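Peer 1: okay, sequence plus prediction incoming.
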Amino acid sequence: MKALILAGGLGTRLRPLTLTRPKHLLPIANRPHIDHVFEWLHRHDVDEVVLLTSYLAERFTEAVARASTKGLRVEVTHERQPLGTAGALKNAESYVGGDTFLAFNGDVLSDIDLGAAIDWHRSREAEATIVLTPVADPSAYGVVSTDSEDQVLGFIEKPPREEAPTNLVNAGVYVLEPSVLSRIPRGEVASAERQLFPQLVKDGARLFGCATSAYWMDIGTPDKYLQANLDALAGRFSTTAVRTPGEAVVLSDEGATIDPLARVSSSCLGAGSVVQRHAVVDGCVLLPRAVVGEGARLSRVTLGEGASASPGVTASDMAVADGDSIES
Ligand code: GDD
Ligand code: MG
């Protein structure tokens, strides 16, 4: 089975962390997010992946090499200008053979059973299947309504909250037949959510929605990104990166140090990061070499690579750019 992974977005909502890297390389439980995606696919017998890149594409090189050593074949496409979610899939058409394939939003952290989704798609003889997940506020997502046989009746991208017909949304996980790609114009910017799926509905194509209750998170906002880390630490998202999950677990990468007089809970400490004495750190993500100064108090803060919190400073719910500093 082949999988196309959309990984060319600018990650604007995660700035400043994404000024220097694609969001797909931000760590979840001290591992680049994309590594979790590769692991998920590999676990479900996907052996060939096409990574659809654009923004800061060269930053993916190491992750691609790591995946290859684990037996996953990874090809990379590069859009000079982002082609949109449908345009990017079309651009990878030559990698897709005559068989059913998977496509993903590459910023999703999930353990959806892909084999079950493929079986479900085949049992419906669908041309396209969109995996659906329930959310509290559907207005930030693609809202998908279905009939009693699960055929999609409507796909509305990010409707006003009061106009969302259901709380089941597009999980950004698709099972597709190659014929779907021939519906997308070549070499043009095109959106899967605003053009392709609504067009499939209009055409009466066999487009189905398959609901799941598996763990699912789009890491695309600072809040959701932190939450994904906390979910991994607590075991709500299960990963080999966290061996003994629990609510207050602290995951320290190589060379991270915590002063014995500091208090750290529910946090991920990247390689070489430092928490100095009397600091209090809760629900935070420290990227490699970040420093929390003496007596600083941080709650739900992401410190970029080499970023710091000055001694004595108090901060919450913020993200700090690589090398930057929170001053009092
Ligand atoms: N290659 C490529 N080219 N990738 C792209 C492009 C592009 O032009 N534009 C976006 N992507 C990638 C992003 O990097 C991300 O992995 C994925 O496509 C989705 O883009 P987002 O920008 O994260 O979209 P969203 O979160 O606002 O909404 C999407 O995801 C929701 C689920 O998380 C939509 O698909 C919604 O319908 C969906 O509910
Ligand atoms: Mg997203």
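Peer 2: Yep, that arrived. Ligands and ions are numbered 1, 2, ... in the order given.

Peer 1: and residue 73, how many neighbours?
Peer 2: 12 (other Cβ atoms under 10 Å). Just so you know, the C-beta spots here come from the backbone N, C-alpha and C atoms, and that holds for glycine as well.

Peer 1: which residues are in contact with the nearest residue to residue 68 once chain neighbours are set aside?
Peer 2: Nearest residue to residue 68, sequence neighbours excluded (Cβ to Cβ, 6 or more residues apart in numbering): residue 74, at 6.0 Å. The neighbours of residue 74, taking Cβ atoms under 8 Å, 6 or more residues apart in numbering as the test, are 38, 48-51, 64, 67-68.

Peer 1: could I get these as TSV with neighbour count and secondary structure?
Peer 2: Formatted as TSV, those follow (neighbours: other Cβ atoms under 10 Å; DSSP: H, G, I helix; E, B strand; the rest coil):
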residue	neighbour count	secondary structure
38	24	helix
48	16	strand
49	26	strand
50	23	strand
51	26	strand
64	17	helix
67	22	helix
68	13	helix
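
Peer 1: which one of the residues you listed is nearest ligand 1?
Peer 2: residue 51 (8.5 Å; Cβ to the nearest ligand atom).

Peer 1: domain ranges for the protein?
Peer 2: For the chain, automatic domain parsing gives the domain ranges 2-218, 248-326.

Peer 1: just the terminal-to-terminal distance for the first one.
Peer 2: Think domain 2-218. 22 Å (Cα to Cα, to the nearest Å).

Peer 1: gap between that domain and the chain center?
Peer 2: 10 Å (Cα atoms, centre = their mean, to the nearest Å).

Peer 1: looking at the stretch 1-150 of the chain, which residue is nearest ligand 2?
Peer 2: Closest residue of the stretch 1-150 of the chain to ligand 2, Cβ to the ion: residue 107 (4.4 Å).

Peer 1: rewinding a little: turn the domains of the chain into a markdown table, including mean pLDDT and distance to ligand 1.
Peer 2: As requested, the domains of the chain are exported to a markdown table (pLDDT from 0 to 100; distance: least, Cβ to the nearest ligand atom, whole Å):
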| stretch | mean pLDDT | distance to ligand 1 |
| --- | --- | --- |
| domain 2-218 | 97 | 2 |
| domain 248-326 | 98 | 16 |
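
Peer 1: can I get those domains in TSV with distance to residue 234?
Peer 2: Below are the domains of the chain laid out as TSV (distance: least, Cβ to Cβ, whole Å):
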stretch	distance to residue 234
domain 2-218	11
domain 248-326	7
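
Peer 1: how about these, which one is nearest residue 240?
Peer 2: With Cβ to Cβ as the measure, domain 2-218 is the member of these nearest residue 240 (7.3 Å).

Peer 1: run through the residues that contact residue 35.
Peer 2: 63, 66-67.

Peer 1: right, and the helix or strand after the top helix by length along the chain?
Peer 2: Longest helix in the chain, counting residues (DSSP state H): helix 222-234. Proceeding N to C from helix 222-234, the next assigned helix or strand is strand 250-252, under DSSP states H and E.

Peer 1: give me the sheet partners of the helix or strand just after that next one and which way each runs.
Peer 2: Next helix or strand after strand 250-252 toward the C-terminus (DSSP H and E): strand 257-258. Taking DSSP bridges as the criterion, strand 257-258 forms sheet pairs with strand 274-275 (parallel).

Peer 1: helix or strand right after the strand it pairs with?
Peer 2: Taking DSSP H and E, what comes next after strand 274-275 is strand 280-282.

Peer 1: pairing partners for that next one, with directions?
Peer 2: By DSSP bridges, strand 280-282 pairs with strand 263-265 (parallel), strand 297-303 (parallel).

Peer 1: got the contact list for the last one?
Peer 2: Residues outside strand 297-303 that contact it (Cβ under 8 Å, 6+ apart) are 17, 222, 225-226, 273, 279-287, 290-292, 309, 313-320, 326.
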